[in-house]
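Colleague: Show me how the following folds:
(one chain, ligands or ions: 2)
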Amino acid sequence: MKQPVRVAITGAAGQISYSLLFRIASGDMLGKDQPIILQLLEITPALEALKGVAMELDDCAFPLLAGIVQTDDPNVAFKDADYALLVGARPRGPGMERKDLLEANAAIFSVQGKAINDNASRGIKVLVVGNPANTNSLIAQRNAPSINPRQFTAMTRLDHNRAIAQLAAQTNATVNDVKKMTIWGNHSATQYPDISQATVKGAAAEGLVERQWYEGTFIPVVQQRGAAIIKARGASSAASAANAAIDHMRTWALGTEEGDWVSMGVYSDGSYGIEQGLIYSFPVTTKDGDWSIVQGLPISDFSREKMTATEKELAEERDGVKHLLP
Ligand SMILES: NC(=O)c1ccc[n+]([C@@H]2O[C@H](COP(=O)([O-])OP(=O)(O)OC[C@H]3O[C@@H](n4cnc5c(N)ncnc54)[C@H](O)[C@@H]3O)[C@@H](O)[C@H]2O)c1
Ligand SMILES: O=C(O)C[C@H](O)C(=O)O
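Modeller: Numbers count the residues shown, from 1 in each chain. Ligands and ions are numbered 1, 2, ... in the order given. As a prediction, this is how the structure comes out:
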């Protein structure tokens, strides 16, 4: 049996976590042979609700669950953590954009970045889910100067999965048939879901769909899917967000499939001319617990315009939180 790893999760009594924790504890994230200690962070008023969630975790008698820590202290939650899923943040309501949450949520991520810096395992893998996810990840990263900046990522896997589902439906294929989907940029309405490299059953996706559907339906549907869920459900996506978080971490830890890639918000090294230091979603492959940006893809004028628009938004978000970036 492997040694247990420590997985810190913030916002652990919230709606995403209610889907997330049980699947992590059952082995969906790191494999059925990896014991896990859950280190759950909540704000003080939610500790009673968190206790109820922990009671339910106990009641599942998960063989892989080697311990549960419940706390309102980030220094305790991130102590020796090998993985961190930063979910805890206010979600948006109808009519809001994700960046409207910047003021409300940004402070959370500077505190947590410092606590990660001071307490976590040096090899920690951090995924930010709380919105606006890319900029929150940047804030946490910049407040953790002794951790490699590549270890802070933001979630665009939900967008990636949404894009695969839309393309599969339009081409009468299954999601298994779709490869090499890409989400570029911000987890926001400026994101660029790009099918120019995607294949369906090995055939170029661009040849299988009308350009008009791609530009006029597919791109806006994927960009606006979060808002459509909020409108329909009266609450932001939760189970699908939890699923994407598990996918993101599993891929990062255990590797991408041969001949495919995923989308992750990662530290830009200047690839594709994107400003260095932004947390920008790229096509990435993963191996041995590390990620690399897929290099050398051709970029059309159409793509370049969209990639630049979402880059510009990320630079503006960063400039708006300068006071939180040491
Ligand atoms: N990146 C993505 O694709 C994606 C997808 C869905 C939702 N989200 C975002 O995830 C976040 C959480 O969504 P939710 O639906 O679970 O919200 P929720 O309101 O149900 O839960 C959030 C929880 O975080 C807790 N919290 C607040 N401040 C905290 C802090 N400082 N430390 C620890 N916990 C804290 C709250 O008490 C609450 O229990 C939102 O920002 C939402 O917009 C992102
Ligand atoms: O859209 C939101 O505010 C929630 C989440 O980011 C989503 O994409 O569903």
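Colleague: show me the contacts for the residue in the stretch 151-300 of the chain that ligand 1 sits nearest to.
Modeller: Closest residue of the stretch 151-300 of the chain to ligand 1, C-beta to the nearest ligand atom: Ala241 (3.4 Å). Heads up, the C-betas are built off the backbone N, CA and C, glycines and all. Neighbouring residues of Ala241 by C-beta atoms under 8 Å, 6 or more residues apart in numbering: Ile16, Ser19, Val129, Met155, Leu158.
Colleague: okay, those residues in CSV with pLDDT, neighbour count and secondary structure next?
Modeller: Shown next, in CSV, are the contacts of Ala241 (pLDDT from 0 to 100; neighbours: other C-beta atoms under 10 Å; DSSP: H, G, I helix; E, B strand; the rest coil):
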residue, pLDDT, neighbour count, secondary structure
Ile16, 98, 27, helix
Ser19, 98, 17, helix
Val129, 98, 28, coil
Met155, 98, 29, coil
Leu158, 99, 25, helix
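Colleague: Where does the record place the domain boundaries for this structure?
Modeller: Domain ranges of the chain: 5-154, 156-321, per the TED database.
Colleague: Of those domains, which stretch is the most buried?
Modeller: Burial of the domains of the chain is given as mean neighbour count (mean count of other C-beta atoms under 10 Å); domain 5-154 ranks first at a mean of 20.
Colleague: That one vs ligand 1: in contact?
Modeller: Yes: using C-beta under 6 Å from any ligand atom, domain 5-154 reaches ligand 1 at 10-11, 13-16, 41-43, 46, 87-92, 108, 129-131, 133.
Colleague: Please state the offset of that domain from the chain centre?
Modeller: For domain 5-154, the separation from the chain centroid amounts to 12 Å (computed by C-alpha atoms, centre = their mean, to the nearest Å).
Colleague: That one and ligand 2, are they touching?
Modeller: Yes: Domain 5-154 reaches ligand 2 (C-beta under 6 Å from any ligand atom) through Pro91, Arg92, Arg98, Asn131.
Colleague: Can you name the two of those that sit furthest apart?
Modeller: Farthest apart among these by C-beta to C-beta are Pro91 and Arg98. That separation is 9.2 Å.
Colleague: list residues touching both of those two?
Modeller: Shared contacts of Pro91 and Arg98, counting by C-beta under 8 Å, 6+ apart, come down to Asn131.
Colleague: from this structure, which residue is nearest to ligand 2?
Modeller: For the chain, C-beta to the nearest ligand atom, closest residue to ligand 2: Gly226, 2.2 Å.
Colleague: Roughly how far does that residue sit from Leu102?
Modeller: 16 Å (C-beta to C-beta, to the nearest Å).
Colleague: Which secondary structure element is home to Leu20?
Modeller: Taking DSSP states H and E as the definition, one finds Leu20 inside helix 15-25.
Colleague: Dump that helix to CSV, restricted to CA.
Modeller: The C-alpha trace of helix 15-25 is given here as CSV (Å, rounded to 0.1, in the frame of the first residue of the first chain):
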residue,chain,number,x,y,z
GLN,A,15,-21.7,23.0,-3.3
ILE,A,16,-18.7,22.1,-5.6
SER,A,17,-17.0,20.3,-2.6
TYR,A,18,-20.1,18.3,-1.9
SER,A,19,-19.5,16.6,-5.2
LEU,A,20,-15.8,16.7,-5.1
LEU,A,21,-14.8,15.3,-1.7
PHE,A,22,-16.6,12.0,-2.1
ARG,A,23,-15.1,11.3,-5.5
ILE,A,24,-11.6,12.2,-4.3
ALA,A,25,-12.0,9.9,-1.3
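Colleague: what sits up against that helix?
Modeller: 7, 9, 11-12, 29-30, 36, 38, 40, 53, 56-57, 60, 62, 64-65, 85, 87, 129, 235-236, 238-239, 241-243, 245-246.
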